[in-house]
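Engineer: Everything below, folded, please.
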Amino acid sequence: MKILAISDIHSEDEVLDKLKSAVVSHEYECLVIAGDITHNGPVSFAHDLIYDLELIGMKTYAVVGNMDPPEVLAKLEGADSSIHLKKVSIGGGWSLAGFGGSLAGGAHTPTEFTEEEIYKGLSSLAIDSKTILVTHAPPQGVETFDITDKGVAIGSKSIRRIVEEKKPAVLVCGHVHETQGIARLGETIIVKLGPAYEGKAAVLELNGKIKATLIEI
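Structural biologist: So this is what the prediction gives:
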């Protein structure tokens, strides 16, 4: 099973064109988006992305990012593509679970949560060793994945705590545009995505062993 993962599209039309080419050229079970599909809208971009990909046979699962307004979450829910506060089976014993948005901060972006809300929400999901966890925000203190270009750490201690407690197979996250990479936190593979508007993506291969590879689209 192969999964294509991206994050931080920010309403760039070019990303949709690249996704269509990538999907046609390779065999993926599904597309996973770790938030910031839009840049405070427009909602029509999220609609076009989901339905254009479905027309060519690609199922999309997504969480919202901090720059996605509530209407984007409603659109994802209506298309049965949202995994925010949900766990869904994708076959082969594997599941996706997710939590969108970012930590509340001074930027006052459309979708923000407190650490308490993040921990409570993720704790409600039956996350286990066959779960691919998808969050917009990265966990606190893994490599430099949560460090902005201003040297500020904006990772979530609640996401880190959940990973340490629940031990999902993989955590896919985005949000911090300056960093990307693959690391481990205990038994969990952390896939920190760079922004899709720069062509950054990753492939997860779930064939007994888990393989994660950063790619360009």
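Engineer: Which residues does the lowest-mean-pLDDT helix or strand in the chain contact?
Structural biologist: In the chain, no helix or strand scores lower on mean pLDDT, DSSP states H and E than helix 13-25, which sits at a mean of 92. With CB atoms under 8 Å, 6 or more residues apart in numbering as the test, helix 13-25 has contacts from 4, 6, 9, 28, 31, 45, 48-49, 52-53, 56-58, 196-197, 199, 201, 217. (C-beta placed from N, C-alpha, C; glycine too.)
Engineer: Let's see that with 7 Å instead.
Structural biologist: With contact meaning CB atoms under 7 Å, 6 or more residues apart in numbering, helix 13-25 is reached by 4, 9, 48-49, 52-53, 56, 58, 196-197, 199, 217.
Engineer: Any chance of TSV for the residues you listed, columns distance to residue 135?
Structural biologist: Below are these laid out as TSV (distance: CB to CB, whole Å):
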residue	distance to residue 135
4	17
9	16
48	24
49	20
52	25
53	21
56	27
58	22
196	16
197	19
199	22
217	21
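Engineer: who wins for most neighbours among those?
Structural biologist: The most crowded member of those, judged by other CB atoms under 10 Å, is residue 9 (28 neighbours).
Engineer: Excluding sequence neighbours, find me the nearest residue to residue 140.
Structural biologist: Once flanking residues are discounted, residue 140 sits nearest to residue 155: 3.7 Å by CB to CB, 6 or more residues apart in numbering.
Engineer: State the pLDDT value of the closest residue to residue 173 other than its chain neighbours.
Structural biologist: Nearest residue to residue 173, sequence neighbours excluded (CB to CB, 6+ apart): residue 138, at 4.4 Å. If you check residue 138, the pLDDT there is 98.
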